[in-house]
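Engineer: give me the fold of what follows.
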Amino acid sequence: MGTPKRASDSSFTTSSRGSSRDASLRNTLAGVQPLVFLSSSRVDDIYSCSTCRTHLAHADAVISKSFTGRHGRAYLLAECVNTMTGPPEERTLLTGLHTVADTFCSTCRTPLGWKYESAHEASQRYKVGKFIVEKARMVQDTGWR
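Structural biologist: Next up, the predicted model:
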């Protein structure tokens, strides 16, 4: 079967043994692109995974802080690095029917949120290609203080 892809790829399939999603994510990190480290003149301009502190996004990538994820508040991000995506699936969200793919930290495989693959309503198409990352799943990096 297939393996998870980086966020820039469109989809993946899972293996058929055991916990397929976990096994598939665990087995694909070897040989995958290296991590992206973001730089900024201010360390608090970078959001990182709350579990392993892998860089995820610049503060400039935040489009909105008024979204809701599965477990509470979430941010809409224009771009997000060091993530892997699951298979696209249709999901009815608060704003209507969307095709989304779950996203995971590429280092620790923590579920972060999802990526919008398509929107069925014209008014929601601005979200396509953007990421929802739950606030509880990321921290604003404070650097080496």
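Engineer: all helices for the chain, in order.
Structural biologist: With DSSP state H as the definition, the chain shows helices at residue ranges 20-27.
Engineer: all the strands of it, residue numbers only.
Structural biologist: Along the chain, the segments classed as strands by DSSP state E run 5-6, 46-49, 55-58, 62-69, 72-77, 83-85, 89-93, 96-105, 111-119, 131-134, 138-140.
Engineer: quick one: buried residues of the fourth one?
Structural biologist: By neighbour count on 16 or more other C-beta atoms under 10 Å, the buried set for strand 62-69 is 63, 67, 69. Any C-beta I mention is one placed from the backbone N, CA and C, and that applies to glycine too.
Engineer: what of the longest one?
Structural biologist: Within strand 96-105, the residues that count as buried by 16+ other C-beta under 10 Å are 98, 100-105.
Engineer: quick revisit: from the buried residues of strand 62-69, which shows the smallest pLDDT?
Structural biologist: Least confident by pLDDT among the buried residues of strand 62-69: that is residue 69, with 91.
Engineer: shouldn't that residue be in contact with residue 111?
Structural biologist: No - shown here, residue 69 and residue 111 do not form a contact pair, counting by C-beta atoms under 8 Å, at 9.8 Å.
Engineer: any low-confidence regions in this protein?
Structural biologist: Applying pLDDT under 70 to the predicted model, the residue ranges of the chain that meet it are 1-44, 142-145.
Engineer: make it 90
Structural biologist: Scanning the chain for pLDDT under 90 picks out the ranges 1-46, 58-59, 93-96, 140-145.
Engineer: who touches the nearest residue to residue 129 once chain neighbours are set aside in this structure?
Structural biologist: Nearest residue to residue 129 in three dimensions, chain neighbours excluded: residue 116, at 6.6 Å (C-beta to C-beta, 6 or more residues apart in numbering). Residue 116 makes contacts with 98-100, 127-132, as judged by C-beta atoms under 8 Å, 6 or more residues apart in numbering.
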